[in-house]
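**Student:** Any chance you could fold what I've pasted below:
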Amino acid sequence: MAIRVTEAKKGMVIRYEGDLYLITKYDHLTPGNLRAIHHLNLKSLKNGRQKEVRMKTSDQLDIVYLDSRESQYLFKDSLGFTFMDNENFEQFVLSAEVIGEAMQYITDNSNCTVVFCDGEALTVQLPPAVVLEITQTEDAVRGDTVSAVQKAATCSTGLVIKVPAHIKQGEMVRVSTETGEFMGRA
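**Tutor:** Residues are numbered from 1 along each chain as shown. Purely as a prediction, here's the structure:
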């Protein structure tokens, strides 16, 4: 389905030059006496590369509708990260370039939402927060508890976050997937 470029919004998925792109930024500029210009920042859903595109008001965009399914993360191998659809038990692989930093929030055998287009797995949608186990952190130094001192902690997925001094190794914590920051104990 085609729409005019003036109807584009951040977060839409479009087909541009044969590939699928997510609109990450949309600006409508009218410089003085000139015609309107539309700037689109696009992120490829195939390889994660960014692209900036300039369009005229008369240009058309091909909107793509996506399907999302609950899936379970199984393992990582040389091909990428293997997931299994929870409904039909079909397995599929997503490459590290496509998923990027999202795998730092997904633990083994955990459920997540995988986005599909035309039967092909594209990317992983993360919840707003996840619960991770702290596997390594330094002990708090006595006397440092007066102010809000934070220390580095490594989670079970390899993600390094800043936590308050009272958090110990083996504790379960909530981590924001948007900012990567500590939210509290789980």
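
**Student:** lowest-confidence helix or strand of this protein?
**Tutor:** Within the chain, confidence by mean pLDDT, DSSP states H and E is lowest for helix 96-99 among all helices and strands, at a mean of 79.

**Student:** For that one, buried residues please.
**Tutor:** Val98, Ile99 (16 or more other C-beta atoms under 10 Å). Placement of C-beta: from N, CA and C, glycine included.

**Student:** Just after it, pick out the following helix or strand.
**Tutor:** With elements assigned by DSSP states H and E, the helix or strand that comes after helix 96-99 is strand 111-117.

**Student:** What strands line up against the helix or strand following that following strand, and which way round?
**Tutor:** Downstream of strand 111-117, the next assigned helix or strand under DSSP H and E is strand 120-125. Strand 120-125 has the following strand partners under DSSP bridges: strand 111-117 (antiparallel).

**Student:** sorry, back to before: packing partners of the least confident helix or strand of the chain?
**Tutor:** strand 80-85, strand 120-125 (3 or more C-beta pairs under 8 Å, 6 or more residues apart in numbering; DSSP states H and E).

**Student:** Could you dump the ones you listed into CSV with mean pLDDT and distance to Val13 added?
**Tutor:** Converted to CSV, these look like this (pLDDT from 0 to 100; distance: least, C-beta to C-beta, whole Å):
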stretch, mean pLDDT, distance to Val13
strand 80-85, 92, 20
strand 120-125, 83, 9
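
**Student:** okay, the ones you listed in a markdown table with distance to Thr6 and mean neighbour count next?
**Tutor:** Output for the helices and strands packed on helix 96-99, formatted as a markdown table (distance: least, C-beta to C-beta, whole Å; neighbours: other C-beta atoms under 10 Å):
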| stretch | distance to Thr6 | mean neighbour count |
| --- | --- | --- |
| strand 80-85 | 37 | 18 |
| strand 120-125 | 26 | 18 |
